[in-house]
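Engineer: Kindly return the folded structure for what I paste below:
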Amino acid sequence: MTNPAAQPRLMNSLKRFADPVYCLMRLMVGLMFACHGAQKLLGWFTPPGKTPTALDALGTVGAWIELVGGLFIALGLLTSIVAFIASGMMAVAFFMAHFKAGGTGWVPIVNRGELAVVYCWVFLFICFYGPGRWSVDALLLRRGAPASPTPTP
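Structural biologist: As a prediction, this is how the structure comes out:
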């Protein structure tokens, strides 16, 4: 009898790509998040015929977190801190903009808050997982580390 928990050999061989694929995911999610901020602050990526909406103070802060935070996450710069802030911002966005929007309830698919929930959880994962090998954080840590350990007498 075979062990049902054992993975096929092909799946085990794919694990070697886990870190590069994670870093590509971090890059893409960060860039997509930055696009939301660029749309709100700079008017980029606005659908044809639609004018950018005016932002209040909270919306402006959120848009800056999206733009700058998304770029930092994409580059892997101060990744865990920025991802934690972005995750919190998306939780606030869900509860302030979607949860009580029109009294549609707490179900994200109903109140159109599924993207906020996904971003919140992905950023929380990035916060705990860290930047990965392909990041500015990893480059900075490598530069600061000694080339070889110094033996102690």
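Engineer: residue nearest the centroid of the chain?
Structural biologist: Among the residues of the chain, the one closest to the centroid is Phe123, at 4.0 Å (C-alpha atoms, centre = their mean).
Engineer: Pass me the low-pLDDT residue ranges in the protein, would you?
Structural biologist: Counting by pLDDT under 70, the ranges of the chain that qualify are 1-7, 10, 101-103, 144-153.
Engineer: in this structure, which helix has the most residues?
Structural biologist: The single longest helix within the chain, with elements called by DSSP state H, is helix 18-42.
Engineer: ok now the helix or strand just after that helix, how far from the chain's centre?
Structural biologist: For helix 18-42, the following helix or strand on the C-terminal side (DSSP states H and E) is helix 57-64. Once both centres are worked out by C-alpha atoms, centre = their mean, to the nearest Å, helix 57-64 turns out to sit 17 Å from its chain's centre.
Engineer: Quick one: residues in contact with whichever helix or strand comes after helix 57-64.
Structural biologist: Sequence-wise, the next helix or strand downstream of helix 57-64 (DSSP H and E) is helix 70-75. With contacts defined as C-beta atoms under 8 Å, 6 or more residues apart in numbering, helix 70-75 is touched by 26-37, 78-79, 82-83, 86, 123, 126, 135-136. (Glycine included, C-beta is placed from N, CA and C.)
Engineer: Give me the buried entries from these.
Structural biologist: Buried members of the contacts of helix 70-75, counted by 16 or more other C-beta atoms under 10 Å: 26-27, 29-30, 33-34, 36-37, 78-79, 82-83, 86, 123, 126, 135.
Engineer: Quick check: the farthest pair among those residues?
Structural biologist: His36 and Ser135 (21.5 Å; C-beta to C-beta).
Engineer: packing partners for the helix or strand hosting Val92?
Structural biologist: When elements are assigned from DSSP H and E, Val92 belongs to helix 79-93. With contacts taken as 3 or more C-beta pairs under 8 Å, 6 or more residues apart in numbering; DSSP states H and E, helix 79-93 sits against helix 70-75, helix 114-129.
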